[in-house]
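Novice: Turn this into a model:
(chains A and B)
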Amino acid sequence: MDIGLERLRNMVLDMADLSENTVSTSIDAYVQGKDLRERIYGWSEQLRMLQDEVSELAVELIARYQPVASDLRFIKSCMEVAYGFSRFGRYAHDISDVFGIFGDLSKCDKTTIEQAGDQAKNMIRVSIKAFTERNVELAGNLKKMDDVVDNTYLDFVRKSASNPLGDLKCTVSGTLILRYLERIADHATYVGESVLYIVSGERTARR
Amino acid sequence: MEKFKIQTEKLNAWFGNNHVLKDLSINIKENEATAIIGPSGCGKSTFIRCLNRMHELVPGAKSSGVVLLDNANVYARGIDPVTVRRRVGMVFQKPNPFPTMSVYDNVAAGLKLNGIRDHQKLDRAVKRSLELAFLWDEVKTQLDKSGTSLSGGQQQRLCIARALAVEPEVILMDEPCSALDPIATAKIEELIASLKDQYTVVIVTHNMQQAARVSDSTAFLYLGQLIEYGETTQLFENPTEELTERYLTGKFG
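Specialist: Below is the predicted model of the structure:
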């Protein structure tokens, strides 16, 4: 079983690298006004397939070895974390799709989105590091970081609603992207919760 | 409120000079299945054999401490061990029906020993016990056949029916499925789940997955000591003690 657990861990870490790169690329492409939809779609599909492979291996390990205690918690968490990473890919794809819907957005002020994007990217990095090192302290930081992204999204929506004369294309595209970033941040927080569960068995109530 | 059926306080047991149980204190809940797990030689079987005073039947064996059954010490002066064993029945690793007896007589044996001769009463008790042991439908037309002519799984359920016939309050099971195939094992496990309604069940098992499947509470013993005892789900998912974690994940044992 130890060999299987190591394989599972490596698969999840491969997903971690790919998902981080996918999200970064999609945010950068939006900021720079580049159309990278095809490339990002390919990566998000790859993440989805990797998630299936993680699930299959996890189920095989459960069926063959009937793991308990920390082994069981690790396997369960790998499935959850792999799902989180595949969602990163999906939201990255959604972000890149905004270009397809709205076309050129070069006139929009992208400062808020850049800041939220940096925070989301940072959260992904922290969540991966926490998972790799089984670092509960790092995992715990993610909740506070998530609050920042949540607030940025809500502030943007409120401001947009109170300014009906703003550029509709910029407002709608910005809202969509911030919403995707907000979901990415949520999933990074869930990865942190999985780390806490692996280490201590403690379950966190979802907000 | 939950009630404890059996409580031990500083229970110790020896075989000659070999100290096999060390100050074991545990509260076993009524109408629950409690699993006892641990590596070979950790004292699991000795522990349950102390609960119904079978340990003392082994030459050179002795014990000390308290075993309370419904708050009364079964080791108190004047307590008849036979009465204790009637209240606390036992099923062993290998099915051991009385070889010369029919299915019917195997189940009725304990009652006859207790002086019951009324045929109708015996018939009712045999039927009830075989039903409780999930065996009635399979043997109702062959009650006169030898008990040993049944399959291994049926023989083990016959032994359970035999234990149930004398209307015990607690059933101790010492690796009851270790000689059985998966289908027979599944039947015994299903039976354990149904017996909990009326009895308190304590099962010793080497099979951790079986402990996880059938029990409400699990006790982990190591080198004669109780290392951890708690709700089965909690113990198997998130054990408190490092030693339990290492045993469950196969790091030793």
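Novice: Would you mind listing what in chain B touches chain A?
Specialist: B:208-209, B:212, B:236-239, B:244-245, B:248-250 (CB under 8 Å from any CB of the partner chain). All C-beta atoms are positioned from the backbone trio N, CA, C, and that covers glycine.
Novice: redo that, cut-off 7 Å
Specialist: B:208-209, B:212, B:236-239, B:245, B:248-249 (CB under 7 Å from any CB of the partner chain).
Novice: So B:Arg77 belongs to a strand, correct?
Specialist: No: read with DSSP: H, G, I helix; E, B strand; the rest coil, B:Arg77 is coil and lies in no strand.
Novice: And for it, the neighbour number?
Specialist: The tally of other residues near B:Arg77 (other CB atoms under 10 Å in any protein chain shown) stands at 5.
Novice: Pull up the gap between whichever residue of chain B sits closest to chain A and B:Thr148, please.
Specialist: Of all residues in chain B, B:Asn238 sits closest to chain A, at 2.9 Å by CB to the nearest CB. Going from B:Asn238 to B:Thr148 by CB to CB, to the nearest Å gives 45 Å.
Novice: okay, those two: which has more neighbours?
Specialist: B:Asn238 (20 against 16).
Novice: Could I get the full set of strands for the stretch 101-250 of chain B?
Specialist: Listed from the start of the chain, the stretch 101-250 of chain B has strands (DSSP state E, counting those that start in this stretch) covering B:170-174, B:200-204, B:217-222, B:225-231.
Novice: Output those strands in JSON lines; the columns should cover mean pLDDT and distance to A:Leu13.
Specialist: JSON lines is the format used below for the strands of the stretch 101-250 of chain B (pLDDT from 0 to 100; distance: least, CB to CB, whole Å):
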{"stretch": "strand B:170-174", "mean pLDDT": "96", "distance to A:Leu13": "45"}
{"stretch": "strand B:200-204", "mean pLDDT": "97", "distance to A:Leu13": "41"}
{"stretch": "strand B:217-222", "mean pLDDT": "97", "distance to A:Leu13": "33"}
{"stretch": "strand B:225-231", "mean pLDDT": "97", "distance to A:Leu13": "33"}
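Novice: Export those strands as JSON lines, with columns for mean neighbour count.
Specialist: What follows is the strands of the stretch 101-250 of chain B, written out as JSON lines (neighbours: other CB atoms under 10 Å in any protein chain shown):
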{"stretch": "strand B:170-174", "mean neighbour count": "24"}
{"stretch": "strand B:200-204", "mean neighbour count": "26"}
{"stretch": "strand B:217-222", "mean neighbour count": "24"}
{"stretch": "strand B:225-231", "mean neighbour count": "18"}
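Novice: which regions of chain B sit below the pLDDT cut-off?
Specialist: B:253 (pLDDT under 70).
Novice: Any idea which residue is closest to the centre of it?
Specialist: In chain B, the centroid-proximal residue (CA atoms, centre = their mean) is B:Leu172; its distance is 1.4 Å.
Novice: doesn't B:Met90 make contact with that residue?
Specialist: Yes: with contact defined as CB atoms under 7 Å, B:Leu172 reaches B:Met90; the gap is 4.6 Å.
Novice: which ones are touching the residue of chain B closest to chain A?
Specialist: A:73, A:201 (CB atoms under 7 Å, 6 or more residues apart in numbering or on different chains).
Novice: For it, give me phi and psi.
Specialist: phi -150, psi 70 (degrees, to the nearest 10).
Novice: ok, now how distant is it from A:Leu196?
Specialist: In this view, B:Asn238 and A:Leu196 are 12 Å apart by CB to CB.
Novice: what do you get for A:Val59?
Specialist: Counting by CB to CB, the gap from A:Val59 to A:Leu196 is 24 Å.
Novice: Tell me which of those two has more neighbours.
Specialist: With neighbours defined as other CB under 10 Å, A:Val59 and A:Leu196 compare such that A:Leu196 has more, 19 against 12.
Novice: Nearest spatial neighbour of B:Cys250, chain-adjacent residues omitted?
Specialist: That one is not Cys; residue B:250 is Gly. A:Met1 (7.4 Å; CB to CB, 6 or more residues apart in numbering or on different chains).
Novice: give me the number of residues near that neighbour?
Specialist: 14.
Novice: What count of nearby residues applies to residue 32?
Specialist: Chain wasn't specified; assuming chain A. Neighbour tally, A:Gln32, other CB under 10 Å: 10.
Novice: actually it's chain B I care about, not the one you picked
Specialist: 19.
Novice: Go through the helix or strand harbouring A:Gly140 and flag the buried ones.
Specialist: Using DSSP states H and E, A:Gly140 maps to helix A:136-161. For helix A:136-161, a neighbour-count test (16 or more other CB atoms under 10 Å in any protein chain shown) marks A:138-139, A:141-142, A:145-146, A:148-150, A:152-153, A:156, A:160 as buried.
Novice: With stretch A:95-112 instead?
Specialist: Using 16+ other CB under 10 Å as the test for burial, stretch A:95-112 gives A:95-99, A:105, A:108, A:110, A:112.
Novice: Quick one: mean pLDDT for that stretch?
Specialist: For stretch A:95-112, mean pLDDT rounds to 91.
Novice: Any chance you could list what contacts it?
Specialist: A:26-27, A:29-31, A:33, A:35-37, A:40, A:152, A:156, A:167, A:169-170, A:173-174, A:176-177, A:180.
Novice: Over to stretch B:18-32?
Specialist: Contacts of stretch B:18-32 (CB under 7 Å, 6+ apart): B:2-14, B:34, B:43, B:46-47, B:50, B:196-197, B:200, B:202, B:216-217, B:219, B:224-226, B:229.
Novice: what separates that stretch from the chain centre, distance-wise?
Specialist: Centroid separation for stretch B:18-32 versus its chain: 13 Å, with CA atoms, centre = their mean, to the nearest Å.
Novice: List the buried residues of it.
Specialist: B:20-22, B:24, B:26-28, B:32.
Novice: same check, this time on stretch A:196-207
Specialist: For stretch A:196-207, by 16+ other CB under 10 Å, it's A:196-199, A:201.
Novice: number of nearby residues for B:Ile36?
Specialist: Other residues close to B:Ile36 by other CB under 10 Å number 28.
Novice: wait, what's in contact with it?
Specialist: Residues near B:Ile36 by CB under 7 Å, 6+ apart: B:44, B:47-48, B:202, B:204, B:219, B:221.
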